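build me a model from this:
(chains A and B)
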Protein chains: 2
Amino acid sequence: MYHSHLYFKTDYLFWGLYTLLTRFTVYDIPLKSILYFDKMGSESRKTFLPLDPMSFTNESKAVVDFIADYYENVEKYPVRSNVEPGYLSTMLPELPPYCPESLKDILKNVNDCIIPGLTLWQSPNFFAYFQATASTAGFLGEMLCSDFNVVGFNWISSPAATELKSIVLDWMGMLVKLPSSFLFAGTGGGVLHGSTCEAAVCVLAAARESFERAWWVGTFRIAIEDDMKSGLVPLFLCATVGTTPTGAVDPIAELGEVALKYKLWLHVDSAYAGSACICPELRHYLDGVELANSISMNPHKWFLTNMDAVIPLSRRFRALKLWIVIRKHALANLMYHIQSDIAMAKCFEALVRKDERFEVIVPRKFALVCFRLKPKMKEDEWNWKLEAINSSGRAFVSHAVVGGIYVIRCAIGATLPQEHHVVNLWKLIQEKAQSLLTEN
Amino acid sequence: MYHSHLYFKTDYLFWGLYTLLTRFTVYDIPLKSILYFDKMGSESRKTFLPLDPMSFTNESKAVVDFIADYYENVEKYPVRSNVEPGYLSTMLPELPPYCPESLKDILKNVNDCIIPGLTLWQSPNFFAYFQATASTAGFLGEMLCSDFNVVGFNWISSPAATELKSIVLDWMGMLVKLPSSFLFAGTGGGVLHGSTCEAAVCVLAAARESFERAWWVGTFRIAIEDDMKSGLVPLFLCATVGTTPTGAVDPIAELGEVALKYKLWLHVDSAYAGSACICPELRHYLDGVELANSISMNPHKWFLTNMDAVIPLSRRFRALKLWIVIRKHALANLMYHIQSDIAMAKCFEALVRKDERFEVIVPRKFALVCFRLKPKMKEDEWNWKLEAINSSGRAFVSHAVVGGIYVIRCAIGATLPQEHHVVNLWKLIQEKAQSLLTEN
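Numbers count the residues shown, from 1 in each chain, chains lettered A, B, ... in the order given. Got it, this is the predicted structure:
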């Protein structure tokens, strides 16, 4: 359920001291409360309307304007936040208020204190990690989901939530052309999970339930046979379509044959690249999926669906969001989004290859380019240089270590980048590389 | 991460048949795609702007108006949906669209097809389960969270997300007067979890890590000693403040002494009633919490904070939502919300007690009243009568079985109920009871 807060006592060392502080800090609140109480009066509390349509409309529209303004100006902020750890507590009210604050004051705090501390995942100059793509459609779906605020823990607790989930997960399966054995309309069906981690745990449990054997995770025939020789029982094989460090793809069909031979549960983790397979020219990466027992994908990564999570029991109506994303953008534009990202990645890759000081490290498959400055200098210096790129505030990239090699990852796929953002990123990298090479 | 879709193949029996269907269903999409392609043209795709401020503003405001209208009319719909299983797939488009659909068309579908399939958790006539309280403040926080759409998996990925979480969790702790050993400002600190289930798993892991002993969950001294005699090692004691069936409260201080004696990890699960302890007159239910090692609570239940979940790695910026809820409603109104709910529950309890045909089954502590018609009739008939209440569409209550007794749970605590809703619920129950008694 939402906001299950868990508090820990982690340290008893300073018990005495903090007990004193507690008495001061904690019991400070009721004293203030009493002071405030008179000011506020019981009348104003009796008119407390936490959800009346009129103020809901006015205040929601004020926040819409605030957000539109933020997107209008998103390129003016540093992409990666440059604040110092602990900056926020010095800027914001220390204690929770007794009397209500105005939306205007709160938004002023958001603008002045929160936004400078955001790393701007929606900036067109964000090329780090994998993206979390927001879109207007995802936002509208989120609004409706948050508004209805139903808890779909079983069918009757909100029938539409359960049923739309089946519909939209079948849509998702159809869009990437999964065999109908994976669809509700067939003999399978999809589940919305909170994370790929959760999905993996669920799949491992399902695999164990099905096979009733010991746990095992692995990838190769020799390892399997070695394990079998030493008395272990192979159970679970995980193929990845679009790994996080380099976007690599396992050959599903070949692994499927191994899985078949050794009776392993084959899971396809396509968190990043699964939804991209709506494009016919990319679908071949899922070839062999008919040999798999399960597949997972994360539409928030590249599918313009604002991020959120499912929860074990008290599920929100998030299917609504994915459903609106698919209807409002539709296959044509969703494909265009992915294809134009890949075109930009190709353009970026070409820029890297044209510069003899750099090399592309792994073959680009999707919209992720892994490259490095050729090893004329020490790794840690280049590492520092990556920091120079990011601390410029002009763009944000991340890195990976692939086979012991430190590479820069340029991940294209956020909602807003256009070709000039990618070209500017390359100029920025060249500029920083040049200054590094001059220094040496 | 959001929408990690997991697909399962659950059945190979109809493989052949469904493979045929697959070829029809799945490959129908690209054919349609080709047909649509010309209609759409590549020009319109090139102007695809999934997140431009102008259309974002217009469309978001249209959805705000839609939602305000829904709240304006929320009492006109049946509280518990009366649709039949499978109703939705017959009403909505079967296949995902190739070309974008208008927001107008989508909202028409939401209105005509989705809303009738919702069980209205935000209706003032919803008295089932525990509530999921939405509020304008929670909604505004959700909008900002969804808008920024940052992934806070570590500090640098969005510093403000990490830091505001610490601030607002300390606020929450201060509001219910936790000892500072539970606060970041002290020696502890809070965590936002996806659910109480997740919190429990985390706490069990922490307990095992700390004590390095075998697993054990229990509640009483005798059971502990019995287990110790049989060679088991007691480890974990869970006290509940506000159980789901009846709102019962375990005596934390007494259990704390047991925990101390046997060196158990004491966890306080206050999912429902924890946040209510911001009211001074309720805080005593947490007395003894200084003896506990951890405590969890769920503000979406009673704290006007729209539901959502944290996710294992890719966390959304949900602290923002709770922070705005606390600032915008503030302690005064949050206490008023809880206190007026309890006043309504007392009023309802008095109504039940005044009617000799009924009996209150467990002492009311918070805003949950558990009662039944005195056992003149068979349980299953009354069960059916509960269905008669719910299928009327006028109110929604749920039930629990307590010590073998079937009770109706009237849970007051949704955002919108006023006294007349509670009185009307009682009239409805009396009316249905009367007709049952007349039948017999």
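
check which helix or strand covers whatever residue of the stretch 151-300 of chain A ends up closest to chain B.
Nearest residue of the stretch 151-300 of chain A to chain B: A:Ala160, at 3.0 Å (CB to the nearest CB). Heads up, the C-betas are built off the backbone N, CA and C, glycines and all. For A:Ala160, the host element (DSSP states H and E) is helix A:159-175.

output the contacting helices and strands for that helix.
strand A:188-193, helix A:319-354, strand B:4-9, helix B:15-46 (3 or more CB pairs under 8 Å, 6 or more residues apart in numbering or on different chains; DSSP states H and E).

ok, and the closest non-adjacent residue to the residue of the stretch 151-300 of chain A closest to chain B?
Closest residue to A:Ala160 apart from its sequence neighbours, by CB to CB, 6 or more residues apart in numbering or on different chains: B:Gly117 at 3.0 Å.

give me the pLDDT value at the closest residue in space to A:Tyr87 that isn't next to it in sequence.
Leaving out its chain neighbours, the residue that sits closest to A:Tyr87 by CB to CB, 6+ apart is A:Gly117, at 6.4 Å. Among the per-residue scores, A:Gly117 holds a pLDDT of 92.

and the strands in chain A, which stretches?
A:4-9, A:126-127, A:188-193, A:217-218, A:236-240, A:265-269, A:294-297, A:358-360, A:368-373, A:396-402, A:405-411 (DSSP state E).

in the last one, what counts as buried?
Neighbour counts using 16 or more other CB atoms under 10 Å in any protein chain shown place A:Tyr406, A:Val407, A:Ile408, A:Arg409, A:Cys410, A:Ala411 of strand A:405-411 among the buried residues.

got a markdown table for those, with pLDDT and distance to A:Val423 too?
Output for those, formatted as a markdown table (pLDDT from 0 to 100; distance: CB to CB, whole Å):
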| residue | pLDDT | distance to A:Val423 |
| --- | --- | --- |
| A:Tyr406 | 86 | 24 |
| A:Val407 | 87 | 21 |
| A:Ile408 | 89 | 16 |
| A:Arg409 | 88 | 18 |
| A:Cys410 | 90 | 12 |
| A:Ala411 | 88 | 16 |
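
any idea which of these is closest to chain B?
A:Ala411 (12.6 Å).

report the beta-bridge partners for that closest one.
In this entry, A:Ala411 is beta-bridged to A:Leu368, by DSSP bridges.

quick check, it in contact with A:Leu368.
Yes - the criterion here is CB atoms under 8 Å, and A:Ala411 meets it with A:Leu368 at 5.0 Å.

which neighbours do these two share?
A:Phe130 (CB atoms under 8 Å, 6 or more residues apart in numbering or on different chains).

chain neighbours aside, what residue packs nearest to A:Leu351?
A:Trp426 (4.6 Å).

any idea how far A:Asn109 lies from A:Gly117?
For A:Asn109, the distance to A:Gly117 equals 11 Å [CB to CB, to the nearest Å].

more neighbours: which of these two?
A:Gly117 (22 against 18; other CB atoms under 10 Å in any protein chain shown).

go ahead and confirm the more buried one touches B:Ile167.
No - A:Gly117 is beyond contact range of B:Ile167, at 11.4 Å (criterion: CB under 8 Å).

pull up the overlap in contacts between the two.
Shared contacts of A:Gly117 and B:Ile167 (CB under 8 Å, 6+ apart): A:Leu88.

I'd like the average pLDDT over stretch A:245-252.
Average pLDDT, stretch A:245-252: 86.

go on, stretch A:106-113?
Stretch A:106-113 shows a mean pLDDT of 93.

now do it: distance from first to last residue.
10 Å (CA to CA, to the nearest Å).

for the residue of the stretch 1-150 of chain A found nearest chain B, give me its contacts.
The stretch 1-150 of chain A approaches chain B most closely through A:Gly117 (3.0 Å), counting by CB to the nearest CB. By CB under 8 Å, 6+ apart, the contact list for A:Gly117 reads A:Ser81, A:Val83, A:Tyr87, A:Leu88, B:Ser158, B:Pro159, B:Ala160, B:Ala161, B:Glu163.

just to check, the third one is in contact with B:Leu164?
The reference is to A:Tyr87. No - the criterion here is CB under 8 Å, and A:Tyr87 misses it with B:Leu164 at 11.1 Å.

list the contacts of stretch A:101-112.
A:59, A:62-63, A:66, A:91-92, B:140, B:144, B:320, B:324, B:327-328, B:330.
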